[in-house]
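Chemist: structure for the following, please:
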Amino acid sequence: MGQILNVLQYSIITKERRKDDNSRFWATYEKVSTEYDNDLVKQMHNDINIILTFGGLLSTVIATFIVGMQPNPGDTTNALLFQLIY
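Modeler: Just a heads-up that it's a prediction; the model follows:
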């Protein structure tokens, strides 16, 4: 903690030099952590967009296969009519 405070004492990141060491430490911590959090949220937003796009495409493909596997109701009707007639 002492080394960090020594580095922060002469850091150009902190704008206010009149504050004590703890205040400058927490001001710098807030700035760095906010920057990190904003980058993390931006990356998560991009990731969720990719996941949602993939999920939408996958559900479309699965729905197409399910519909394609269903028997044609017209074939069933034609087979029943054929049995009635002949």
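Chemist: going forward, measure contacts and count neighbours with C-alpha atoms only.
Modeler: Will do.
Chemist: give the next helix or strand downstream of the worst-scoring helix or strand of the chain on mean pLDDT.
Modeler: When the helices and strands of the chain are compared on mean pLDDT, DSSP states H and E, helix 2-9 comes out lowest with a mean of 69. Downstream of helix 2-9, the first helix or strand assigned by DSSP states H and E is helix 21-69.
Chemist: pLDDT averaged over that next one, what's the number?
Modeler: Per-region confidence: helix 21-69 scores 92 on mean pLDDT.
Chemist: elements contacting it?
Modeler: Judged by 3 or more C-alpha pairs under 8 Å, 6 or more residues apart in numbering; DSSP states H and E, helix 21-69 is in contact with helix 2-9.
Chemist: mind redoing it with 6 Å?
Modeler: Helices and strands touching helix 21-69, by 3 or more C-alpha pairs under 6 Å, 6 or more residues apart in numbering; DSSP states H and E: there are none.
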